[in-house]
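*Asks:* need a 3D model of the sequence below.
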Amino acid sequence: MKIKPLRDHILIEPLKQEVKRGGILLPDTVAKERPEQGKVVAVGEGAVVDGKLVKPVVKKGDVVLFTKYGPNQIKVDEKEYLIAEEKDILAIIE
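*Replies:* You can find the predicted model right below:
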């Protein structure tokens with residue numbers, strides 16, 4: 001299945017993060033925390049502001065930092081993704 005986000009929505013593949021606690025490395029499944037980083041898979045055409053289309057700053061392939069609870073989780077073909085509005089994206093990681 002192919003997903004194309006609408007307006008200023010962004011489809012993100014969450015990156016698995018390992019957590020280190022007390023010198024022990026734990027996988028993200030143990031931490032039970034939602035990820036805050038991901039790779040942009042698809043981007044909508046942009047938001048309409050004052051009658052003009054404003055294109056998103058992020059693009060496909062960017063690794064981004066986003067708010068923890070802003071994006072919505074979805075499952076497509078047994079793979080988990082997040083859909084966020086551009087305002088939920090805090091930074092592009094270079």
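*Asks:* residue closest to the middle of this structure?
*Replies:* Central residue of the chain (Cα atoms, centre = their mean): residue 12, 3.5 Å from the mean position.
*Asks:* please name the nearest non-neighbouring residue to it.
*Replies:* Closest residue to residue 12 apart from its sequence neighbours, by Cβ to Cβ, 6 or more residues apart in numbering: residue 38 at 3.8 Å. Heads up, the C-betas are built off the backbone N, CA and C, glycines and all.
*Asks:* what helices or strands is the strand or helix carrying that neighbour leaning on?
*Replies:* According to DSSP states H and E, residue 38 maps onto strand 37-43. If contacts are counted by 3 or more Cβ pairs under 8 Å, 6 or more residues apart in numbering; DSSP states H and E, strand 37-43 sits against strand 9-14, strand 63-66.
*Asks:* send the alpha carbons of the first one over as CSV?
*Replies:* What that stands for is strand 9-14. Provided in CSV are the C-alpha atoms of strand 9-14 (Å, rounded to 0.1, in the frame of the first residue of the first chain):
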residue,chain,number,x,y,z
HIS,A,9,1.4,16.2,7.0
ILE,A,10,4.6,14.1,7.0
LEU,A,11,4.9,10.3,7.0
ILE,A,12,7.8,9.3,9.3
GLU,A,13,9.5,5.9,9.8
PRO,A,14,10.5,5.9,13.5
